[in-house]
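> need a structure here:
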Amino acid sequence: MSLADQSPAAVLVFQTLLQHGPLSRAEIGRRTGLSPGAVTKAATPLIADGWIAEAGRPSVERTTGRPATLIAVRTARARFVGVKVTGDELIGVLADLTAQPLASRRAALGSRDVGTVVLAIGRLVDELREAAGLVESDAIHGIGVTIAGDVDGRTGHVQYSPFLDWRRVPLAQLVESGTGVPTVIENDVRALTVAEQWFGAGAGLSSFALVTVGAGIGAGLSVGGRVISGAHGVAGEVGHLPVGATDRTCTCGNTGCVEAVASTHAITEQARQATRDPELTMDEAVRLAHAGDPAVRAVFTHAGHTLGLALASVANLIGPERIVISGEGVASYDLFADQIRQTFADHAFGAAADCDLVVRPLPFEEWARGGAAVAAQRVFAPAKQATAPFRPADPYGSVHA
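Next up, the predicted model:
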């Protein structure tokens, strides 16, 4: 039986165990507000269907009353694949029910043609199954594909992805038809935000924002424990906030966007103009800036000012407890960190300036893991965004700005 077919009380018990388990029945009742009878009634079908199981007794026994028995989620009950699609590569992760990775693989893309990418996703899923040692009877319960751009997770369509040059692609349907596995798609930054909400820097927070800096600039917003996508699926597009002070044209066709100044591509172009070297790379620009080249350092300072304005806008609009800054662009964060902090402090209104800024480098495997988390959501909370922040061990550290 799918969790979608369980009672609301059963889903609540399951989510509580995901977040806090293993727990005794009494502790489940205290955390959920359910009576002992209601906990037992909700847990019985979950145990019968293998979603949860008794896990022995706690290490510290009670001195009075009947011995408590812990209940835990059966992590192997369901498996999910997350795939992060870039312009030239697929990054895949096979994860268990608590989003713990079981295997990861990468695959180069020889073409950005939709059909080629769909076939490559199917091959990657097979490789992940093999790498994890799964046999044919070991089902994968869902695939979550994450992609940059305007993605409508509700319809399964990529409305527009500028880096792949895709428009109105029914990607979820195509991948599901090719693999035979239920598939969901999501904007890659929102999926990463789900991952951070469950087991990263946003775990346990009532509100936070994730801002990614790289080839594009995006944001995921978690408000009241839910990652929001907005009425039209484009919430969090801070890269297209009009901050002015530039006549550079953005990828969206407008001028004055944050992304037109502070994306890695924009920084590289401006550094080329500053040095009059049309072949200058981003890595070379970083080296010149670290060496003290005033013209190139000015490019990074301008980018830092623009990013500071964007972060202050996010803080002023939703008042998050924390803003996490990630993406490949944070590799050169030290070059504009001071300017970001100064501009943020100057433009964040009132107590919004107290928002915690955290720099968190994350490999693309974590973005793919977010895809697996989104797929898992549809199993245990199909009607809404899951609010239970999972807390598996996090191997990646954070650096406070």
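
> now for the longest helix along the chain, which elements pack on it?
Criterion DSSP state H: the longest helix present in the chain is helix 294-318. Applying 3 or more C-beta pairs under 8 Å, 6 or more residues apart in numbering; DSSP states H and E, we find helix 294-318 packed against strand 207-213, strand 217-223, helix 259-262, helix 264-275, helix 282-290, strand 322-326, helix 337-347. Every residue, glycine included, has its C-beta placed from N, CA and C.

> And the longest one, what's buried?
Buried residues in helix 264-275, defined by neighbour count with 16 or more other C-beta atoms under 10 Å: T264, A266, I267, T268, E269, Q270, A271, R272, A274, T275.

> Serialize these to TSV and add fields for pLDDT and distance to G37.
Shown next, in TSV, are the buried residues of helix 264-275 (pLDDT from 0 to 100; distance: C-beta to C-beta, whole Å):
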residue	pLDDT	distance to G37
T264	93	58
A266	94	61
I267	95	61
T268	96	64
E269	96	66
Q270	95	66
A271	96	67
R272	97	70
A274	96	71
T275	96	73
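
> Between the residues you listed, which sits nearest I52?
Nearest to I52 out of the buried residues of helix 264-275 is T264 (C-beta to C-beta; 44.7 Å).

> need the contact list for that closest one.
V213, G214, A215, M282, E328, G329 (C-beta atoms under 8 Å, 6 or more residues apart in numbering).

> all helices of this structure, in order?
8-20, 25-32, 36-48, 114-131, 171-179, 188-199, 259-262, 264-275, 282-290, 294-318, 337-347, 364-380.

> Rounded mean pLDDT for the longest one, please.
Computed over helix 294-318, the mean pLDDT rounds to 95.

> How about stretch 347-367?
93.

> And stretch 197-216, by the same measure?
For stretch 197-216, the per-residue pLDDT averages 89.

> which residues does A262 contact?
V213, I217, A303, G304, T306, L307, A310, G329.

> If you drop the residues flanking it in sequence, what lies closest to V261?
Among residues not flanking V261 along the chain, T306 sits closest, at 4.4 Å (C-beta to C-beta, 6 or more residues apart in numbering).

> What of L3?
Ranked by C-beta to C-beta, 6+ apart and with sequence neighbours excluded, the top spatial neighbour of L3 is F380, at 4.4 Å.

> I'd say that neighbour and Q15 touch.
Yes - using C-beta atoms under 8 Å, F380 is in contact with Q15, at 6.6 Å.

> related to what we said a few turns ago, in TSV, list the helices of the chain along with distance to D138.
Listed next are the helices of the chain as TSV, based on distance: least, C-beta to C-beta, whole Å:
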stretch	distance to D138
helix 8-20	21
helix 25-32	29
helix 36-48	21
helix 114-131	7
helix 171-179	14
helix 188-199	23
helix 259-262	42
helix 264-275	40
helix 282-290	42
helix 294-318	41
helix 337-347	46
helix 364-380	15
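
> out of those helices, deepest packed?
Across the helices of the chain, averaging neighbours per residue (mean count of other C-beta atoms under 10 Å) puts helix 188-199 on top, at a mean of 28.

> Lovely, talk soon.
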